[in-house]
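A.B. asks: Quick check, what structure comes out for this input:
(chains A and B)
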2 protein chains.
Amino acid sequence: MGRTSDARERILDAACGMIRDRGYSAVGVAEVCAAADVRKGSFYHYFESKQALTRTVIEGHWATERARWIARLTGPGAPLDRLEALFAMQADDLRSEQAAGGAINGCLFANLSLELSTRDPDIRADLEAVFDEQTTLVADVLDEAVAAGELVPETQVRDVAAALLAQLEGVVLFAKLRNDTGSLDGLWDQLRRLIA
Amino acid sequence: MGRTSDARERILDAACGMIRDRGYSAVGVAEVCAAADVRKGSFYHYFESKQALTRTVIEGHWATERARWIARLTGPGAPLDRLEALFAMQADDLRSEQAAGGAINGCLFANLSLELSTRDPDIRADLEAVFDEQTTLVADVLDEAVAAGELVPETQVRDVAAALLAQLEGVVLFAKLRNDTGSLDGLWDQLRRLIA
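C.D. replies: The predicted model follows:
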């Protein structure tokens, strides 16, 4: 949010944090502008509406996260070890967030899914695309695990991938609710059972 | 919402649906009053604030749901069969909701958890109490399953119960996002793996 970044970037930085922490409905354009230190006229030069801003936030956040996912899921190492590294990264992100700010704000995509998916078809489509891509990334590694003999050939990789992501989001929900990272310690053990 | 119910009940009925469908921030007292056909003065006779209303909605919804949970989880039948009946009820509720209104609005408690748990300590405490009680109800049945020899004595029943509820909430999140009940079909199979 430094003065060296341009107005559009400052708006996006401010909005990403505010929307993840408080949700869509509770955040107003005026306070995003105040936090980003830009005028409203400038905001509407870059974004047509709060909805358009939110869609750009989703896109940008997933662009960052996608790169981190791919970094964990590709490269050397046994497929299931790489998958474990992905979920360890998710847990570590929440622990870091709590250590830095005292609270666990959870997953931007899941927060917006529960808040908006019955109310905003465009944002729902964006979020579906994010989770579809996540499912594919995980399913691809499970396919590799099957090819490497780590899993039996009968493994329904896409269904298993969806179950793993559901478990992650459920555990993150309870970690956020209780502001407690303890449940993250057992996450991989649970995921391993879902895979087996 | 019929005229035979009193104003307080009409307010609660209207608010429960609106808050579950749209969240806390997006619902205003004025529209709750309009939907319930009561005046604002009457609203504030019964409820100090939207927060107080929401806390009463949570309490009332869980009173209804708790009775349904206990009805499924107690009585004759093998413990794990009763547990399966509980989760089948959850899945059926979502299917009925979609069939009736076209959308899956999901779980009131999970929706409010992601929206409010970092922002409202009172509502967070209410929601924590609901999920703690759910965890205990499920853990008690798992204890029965251990006693009946359905599960090994080493089963960490409270951890397993928490994992089952996490999977449920994650699956409900994706069912809501995709407005697709298909993923509910595999729910018990996934839960069975988490239990094993």
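A.B. asks: Now do the domain split for chain A, please.
C.D. replies: A:1-47, A:51-195 (automatic domain parsing).
A.B. asks: Compare those and say which comes out lowest on pLDDT.
C.D. replies: Ranked by mean pLDDT, those bottom out at domain A:1-47, with a mean of 89.
A.B. asks: Chain A: helices as residue ranges?
C.D. replies: For chain A, the helices defined by DSSP state H cover A:7-22, A:29-36, A:40-46, A:50-73, A:79-101, A:108-116, A:121-147, A:157-178, A:187-195.
A.B. asks: Okay, the closest residue to A:Glu150 other than its chain neighbours and B:Gly17: tell me how far apart.
C.D. replies: For A:Glu150, ignoring the flanking residues on the chain, the nearest one in space by CB to CB, 6 or more residues apart in numbering or on different chains is A:Leu80 at 5.3 Å. Just so you know, the C-beta spots here come from the backbone N, C-alpha and C atoms, and that holds for glycine as well. In this view, A:Leu80 and B:Gly17 are 44 Å apart by CB to CB, to the nearest Å.
A.B. asks: Next, count neighbours for the nearest residue to A:Ile195 once chain neighbours are set aside.
C.D. replies: Leaving aside its sequence neighbours, A:Ile195 sits nearest to A:Val160 (CB to CB, 6+ apart; 5.8 Å). When neighbours are defined as other CB atoms under 10 Å in any protein chain shown, A:Val160 has 23 of them.
A.B. asks: pretty sure A:Val160 is touching A:Leu194, no?
C.D. replies: Yes: between A:Val160 and A:Leu194 there is a contact at 6.4 Å, judged by CB atoms under 8 Å.
A.B. asks: is it true that A:Arg8 touches A:Ala52?
C.D. replies: No: counting by CB under 8 Å, A:Arg8 stays clear of A:Ala52, with 12.0 Å between them.
A.B. asks: Please name the nearest non-neighbouring residue to A:Glu31.
C.D. replies: In space, A:Glu31 is closest to A:Met18, 7.2 Å off (CB to CB, 6+ apart).
A.B. asks: which ones are touching that neighbour?
C.D. replies: Residues counted as contacts of A:Met18 (CB atoms under 8 Å, 6 or more residues apart in numbering or on different chains) are A:Val27, A:Glu31, A:Val32, A:Ala35.
A.B. asks: Next, find the distance separating A:Gly60 from chain B.
C.D. replies: 20 Å (CB to the nearest CB, to the nearest Å).
A.B. asks: More neighbours: which of A:Arg8 and A:Ala52?
C.D. replies: Taking neighbours as other CB under 10 Å, A:Arg8 and A:Ala52 compare with A:Arg8 leading, 16 against 13.
A.B. asks: which residue packs closest to the more buried one, ignoring adjacent ones?
C.D. replies: A:Tyr46 (4.6 Å).
A.B. asks: so that neighbour touches A:Asp6, yeah?
C.D. replies: No: counting by CB under 8 Å, A:Tyr46 stays clear of A:Asp6, with 9.4 Å between them.
A.B. asks: of those two, who's got more company?
C.D. replies: Neighbour totals were compared for A:Tyr46 and A:Asp6, and A:Tyr46 leads with 16 against 10 (other CB under 10 Å).
A.B. asks: what about A:Met89, how many neighbours?
C.D. replies: Neighbour count for A:Met89, taken as other CB under 10 Å: 14.
A.B. asks: residues touching it, list them.
C.D. replies: By CB under 8 Å, 6+ apart, A:Met89 lies in contact with A:Arg68, A:Arg72.
A.B. asks: Quick check: the gap between it and chain B.
C.D. replies: Relative to chain B, A:Met89 is positioned 18 Å away (criterion: CB to the nearest CB).
A.B. asks: Kindly provide the distance from that residue to A:Ile58.
C.D. replies: On the measure of CB to CB, A:Met89 and A:Ile58 end up 20 Å apart.
A.B. asks: Also A:Ile11?
C.D. replies: According to CB to CB, A:Ile11 and A:Ile58 sit 14 Å apart.
A.B. asks: of those two, who's got more company?
C.D. replies: Taking other CB under 10 Å, A:Ile11 and A:Ile58 do not tie; A:Ile11 has more neighbours (26 against 20).
A.B. asks: what's near enough to touch the residue lying closest to that one once chain neighbours are set aside?
C.D. replies: Distance criterion CB to CB, 6+ apart; nearest residue to A:Ile11, sequence neighbours excluded, is A:Ala36 at 4.6 Å. Residues in contact with A:Ala36 (CB under 8 Å, 6+ apart) are A:Met1, A:Ala7, A:Arg10, A:Ile11, A:Asp13, A:Ala14, A:Ala15.
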